[in-house]
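Asks: Got a predicted model here, sequence first, then my questions.
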Amino acid sequence: MSDPGIRLTASPHVRSAESTIRIMWSVVISLVPVIAASTYFFGPSALLVLLASVAGCLITERLFGAVKSSLADGSAMITGLLLGLTLPPGFPLWMAFLGGAFGMAFGKLIFGGLGQNIFNPALLGRAFLQAAFPVAITTWPAKPENWWTLQGDNLAWPFMSPVVDGVTGATPLGNLKFGDEPVITPISDLLFGTTAGSLGETSAVLLLIGGLYLAIRGHLNWHIPVSILLSVYLLSGLFYAIGISQFPPLFMLLSGGLMLGAIYMATDMVTSPVTNAGCWVFGVGIGALVVIIRIWGGLPEGVMYAILLMNALVPFINRATQPRKFGSARRKAAAARKGGS
Amino acid sequence: MGARELLTFRHGVHPPENKHLTEGIASRRLPFPGEVILPLSQHIGAPAKALVKAGERIERGDVIAEAEGMISSRVHATASGTVKGIEHWPHPSGSMQPSIRIEVDPHSTQMQRPRLVPHWNEVPAEQLSEEISKAGIVGLGGAAFPMHVKLRPPKDQPIEVLIVNGCECEPYLTSDHRTMLEHPDDVHMGIRIVLRALGITRAVIGIEANKPDAIEVMRKTVPGDLDVSVQTLKVKYPQGAEKMLIKAVTGREVPSGKLPASVGVLVQNVATTANVARIFETGQPLIERIMTVSGRGIRQPGNWVIPFGTRLRDVIDACGGLTEDAAEIVFGGPMMGQSQATLDVPVLKATGGILVLSKDECKQQDILPCIRCGKCVEACPVFLNPQLLGSLARVERFEEMAQEADLGDCMLCGCCSFVCPSNIPLSQMFAMAKFQLNRLARL
């Protein structure tokens, strides 16, 4: 019946140039400056740790047979890079690999692959590592004398107890919270990343630039980082002002994994709400949890657990923040009507 | 101008306009084809009832099928010739529909049989809608809703303002644009008649800002005694959708499930309005219109006055034929238009454009999983959640789509499918869900 060569498709017959693959790879590209900076600060160790966690993710996804090529959509690459960026430079490579494999398998693939997962796979990988190797993941080796010297226990054999280097440098958050004499690291050090910390936690400026690039291209919902950072700033400012907490608000914003978490982890499209209103609920929830964990928790840092906890609430947030359909009463009235029936 | 924000609605998308292909090309008459095929159903509502038999000689403009029932519309012969028969013929909707086939007389002058039409100013207002009904006028914006039905709104919902739709928000299409440039007086005359039929005095013409020449012409030609304003609107799809246009011009939201009359508005497309004037000026019923033939798959894009019933094949031949990389032929615009399977389909009253898209223009892309990016939610002009609707459609939970996710409010504008980075055919899934629900309701 149809004339040869004529295609039959449903409308719309044109589509935007945007594609999921492009979004994923532009996230990878936006991370390049951060990776370069961490290599500059921490030497080749940084690259090796990143490589190990990326390899863990890619190989696991390939083994599950979920995709023809793990590099096809770039999402496993992102998970690997983000996980690597949360790890300390001297982290044993086999652990980084294992973390990537765990995050990919239990964070994403058992849910059904891309788009189906509830928790951010990179953070789930890190949560696993933190539970399994609490010492290694909180060991911040002092800077070696030469840039090219490998840090800490990069090359430790699997399942051998790592030989912890005698000298360790504490992170700014750890310093302030658990140090014998609490020190507030200068803001400029935090901005440009000349402090001890995980690979991607140290330079707030580069993370902000990467986030800005993604937001301008429409590949990142700016409502999420803005609501997180704003709520952390305001809440910690309040607690600082009334003397409950010792953390100045600006220090809170720039230290630890907050920037990385707010810009790259919480904004993972799959595990964040779909409406902008929902994103604000989600962001403020993360911000509040971060402040609470940092001030009263037993850990120096709380970004990871804050995001994972809010990830779990996303389906409920989505349900509660449905858009108001055109030509209907305000959502509240509609909900009340529905509740009555 | 300048600093002031142009009127518009919230959400929506910005597909590439591609109007430059044809917007500067004045409309010309397509040669009469050897044969016209006129389906009895060219409008929303009951099909018309054929009045002619095979072998009958008819003149251009003769009534060949009568409206059946309240919501229906007459069909007129669009060319003089001999009725060859009434048979099932491919219809642009994709089905086979009973159609009157007319062999066009090559020696005819194609003049209409003279017809008596009352002077618009001398008949009672109710008779105007009767004359409009007799001329077979339906909405030319795409929906093809019989116009006379709209002119008789419920008594408890009086119309206060007429909005004339000159948005033409679909990419590529320029037929309304050309109508405004070439026949501004017809549009104003049509407005005058419709205002009289409704017993009101105020009209607004809404035009997107990408047609500055049309805005200027329409402003200049407003007759001094008419209360007609021309409103420039922001370029955004679907600005020309009835509800979006009303929101932009009046700030009012048509309540969900209600008609524009519920907020005192009647919306009429510019080309429809111009055709109303022609009934009373020349006695010509709705038998032809300006259609845009465009896309990178056709050799000579342009705007043509084409008699309804002309086969797609004849239109393409007259426009220089298809290019090597022509991939898809669409009736209407690229956002809501319908793909055509055969070159034998006739063009109809609601065919505002014929697009031949090249392979590059309608790339086929792999469908990836939904990554819940929320872009569809930000695009939907009626504020639904296409992401939720899509995940329900995937598992065929159609009833839930209607009851809990407001599928009924979806107008299938295609914004969600357009923005989806994973190329999920959301609006296609919603169309299917609506179809299935209709079928279940009929069982």
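Replies: Good, I have the coordinates.

Asks: Could you name the specific helix or strand carrying B:Gly206?
Replies: strand B:202-208 (DSSP states H and E).

Asks: Direction included, what does that strand pair against?
Replies: strand B:161-166 (parallel), strand B:227-233 (parallel) (DSSP bridges).

Asks: out of the ones you listed, nearest to B:Leu7?
Replies: Of all the strands paired with strand B:202-208, it is strand B:227-233 that lies closest to B:Leu7, at 5.4 Å by Cβ to Cβ. All C-beta atoms are positioned from the backbone trio N, CA, C, and that covers glycine.

Asks: Tell me which of the strands paired with strand B:202-208 is the most buried.
Replies: Mean neighbour count (mean count of other Cβ atoms under 10 Å in any protein chain shown) peaks for strand B:161-166 among these, with a mean of 24.

Asks: Skip ahead from it and say which helix or strand is next.
Replies: Per DSSP H and E, the helix or strand that comes after strand B:161-166 is helix B:175-182.

Asks: tell me the angle of the helix or strand just after that next one relative to helix B:175-182?
Replies: Sequence-wise, the next helix or strand downstream of helix B:175-182 (DSSP H and E) is helix B:184-198. When axes from the mean of the first three to the mean of the last three Cα atoms, to 10 degrees is applied, the directions of helix B:184-198 and helix B:175-182 differ by 100 degrees.

Asks: quick revisit: which residues outside the strand holding B:Gly206 are in contact with it?
Replies: Residues outside strand B:202-208 that contact it (Cβ atoms under 8 Å, 6 or more residues apart in numbering or on different chains): B:160-169, B:180, B:187, B:191, B:194-195, B:214-215, B:218, B:226-236, B:239-240, B:245, B:248-249, B:270.

Asks: can we see that at 6 Å?
Replies: Residues outside strand B:202-208 that contact it (Cβ atoms under 6 Å, 6 or more residues apart in numbering or on different chains): B:161-164, B:166-167, B:191, B:214-215, B:218, B:227-231, B:233, B:235, B:239, B:245, B:249.

Asks: follow-up on the earlier one: closest to B:His43 out of the strands paired with strand B:202-208?
Replies: strand B:161-166 (17.5 Å).

Asks: Put the alpha carbons of the closest one into PDB.
Replies: C-alpha atoms of strand B:161-166 as PDB (Å, rounded to 0.1, in the frame of the first residue of the first chain):
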ATOM      1  CA  VAL B 161     -14.600  38.900  22.400                       C
ATOM      2  CA  LEU B 162     -13.600  37.300  19.200                       C
ATOM      3  CA  ILE B 163      -9.900  36.200  18.900                       C
ATOM      4  CA  VAL B 164      -8.600  35.700  15.400                       C
ATOM      5  CA  ASN B 165      -5.800  33.300  15.400                       C
ATOM      6  CA  GLY B 166      -2.900  34.400  13.200                       C
END
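
Asks: Show me how far it is from its chain's centre.
Replies: 14 Å (Cα atoms, centre = their mean, to the nearest Å).

Asks: quick one: average confidence on it?
Replies: For strand B:161-166, mean pLDDT is 96.

Asks: Helix or strand: which one has B:Ala65?
Replies: strand B:63-66.

Asks: in the sheet, who's paired with the residue nearest to B:Ser229 when sequence neighbours are not counted?
Replies: Sequence neighbours aside, B:Val204 is the residue nearest to B:Ser229 in space, at 5.4 Å (criterion: Cβ to Cβ, 6 or more residues apart in numbering or on different chains). Taking DSSP bridges as the rule, B:Val204 bridges to B:Ile163, B:Ser229.

Asks: ok, now the one 4 residues further on?
Replies: Beta-bridge pairing of B:Glu208, defined through DSSP bridges, involves B:Leu233.

Asks: neighbours around it, how many?
Replies: The tally of other residues near B:Glu208 (other Cβ atoms under 10 Å in any protein chain shown) stands at 26.

Asks: Tell me the residues of chain A that contact chain B?
Replies: Residues of chain A lying near chain B by Cβ under 6 Å from any Cβ of the partner chain: A:2-3, A:7-16, A:18-20, A:23, A:114-115, A:269-270, A:274-275, A:322-328.

Asks: In PyMOL, select just the buried ones from those residues.
Replies: Selection of buried members from the residues of chain A next to chain B for PyMOL, criterion 16 or more other Cβ atoms under 10 Å in any protein chain shown:
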select buried, chain A and resi 7+10+11+12+13+14+15+16+18+19+20+23+114+115+269+270+274+275+322+323+325+326+327+328
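
Asks: quick check, B:Val355 in a helix?
Replies: To be clear, residue B:355 is Leu; Val isn't right here. No: with DSSP: H, G, I helix; E, B strand; the rest coil as the criterion, B:Leu355 is strand rather than part of a helix.

Asks: quick one: contacts of stretch B:415-434?
Replies: With contact meaning Cβ under 6 Å, 6+ apart, stretch B:415-434 is reached by A:10, A:12, A:15-16, A:18-20, A:23, B:13, B:365, B:367-368, B:370, B:375-376, B:379-380, B:386, B:390, B:393, B:398, B:401, B:407, B:410, B:412, B:414.

Asks: Got the phi and psi for the residue of the stretch 1-150 of chain B found nearest chain A?
Replies: For the stretch 1-150 of chain B, the residue closest to chain A is B:Pro15, as judged by Cβ to the nearest Cβ, at 5.7 Å. Torsion angles at B:Pro15 (phi, psi; degrees, to the nearest 10) stand at phi -70, psi 150.

Asks: Now for it: which residues touch it?
Replies: A:14, B:171, B:237.

Asks: Contacts only, for B:Val117.
Replies: Contacts of B:Val117 by Cβ under 6 Å, 6+ apart are B:280, B:283.

Asks: swap that for A:Leu85, sorry
Replies: So A:Leu85 contacts A:199-200 (Cβ under 6 Å, 6+ apart).

Asks: care to break chain B down by domain?
Replies: B:134-282, B:375-442 (automatic domain parsing).

Asks: so how far is A:Thr86 from the spatially most central residue of chain A?
Replies: Taking Cα atoms, centre = their mean, the centroid of chain A lies closest to A:Met265, which sits 2.6 Å from it. To A:Thr86, A:Met265 is 8 Å away according to Cβ to Cβ, to the nearest Å.

Asks: cool, and B:Asp62?
Replies: From B:Asp62 to A:Thr86 the distance is 79 Å (Cβ to Cβ).

Asks: So the two - more neighbours on which side?
Replies: Per other Cβ under 10 Å, whichever of B:Asp62 and A:Thr86 has more neighbours is A:Thr86, with 29 against 19.

Asks: Hmm, A:Gly125 and the more buried one touching each other?
Replies: No: if you go by Cβ atoms under 6 Å, A:Thr86 and A:Gly125 don't touch, sitting 8.6 Å apart.

Asks: quick one: B:Trp120 and B:Phe280 touch, right?
Replies: Yes: if you go by Cβ under 6 Å, B:Trp120 and B:Phe280 touch, sitting 4.4 Å apart.

Asks: The two: who's more crowded?
Replies: A side-by-side neighbour count of B:Trp120 and B:Phe280, using other Cβ under 10 Å, places B:Phe280 first with 22 against 19.

Asks: Quick check: pLDDT value at the more buried one.
Replies: The model's pLDDT for B:Phe280 equals 92.

Asks: And B:Pro98, by the same measure?
Replies: Residue-level confidence at B:Pro98 comes out at 96, pLDDT.

Asks: Check B:Ala341 too.
Replies: 92.

Asks: Kindly report the same for A:Gly152.
Replies: For A:Gly152, the pLDDT comes out at 66.

Asks: same check, this time on B:Lys234
Replies: B:Lys234 is given a pLDDT of 95.

Asks: cool, and A:Ser69?
Replies: pLDDT, read off for A:Ser69, is 60.

Asks: surely A:Pro225 meets A:Ile263?
Replies: Yes: using Cβ under 6 Å, A:Pro225 is in contact with A:Ile263, at 5.0 Å.

Asks: Burial check on A:Ala55, number of neighbours?
Replies: For A:Ala55, the count of nearby residues is 17 (other Cβ under 10 Å).

Asks: Tell me which residue of the stretch 101-250 of chain A lies closest to chain B.
Replies: For the stretch 101-250 of chain A, Cβ to the nearest Cβ, closest residue to chain B: A:Gly115, 3.5 Å.
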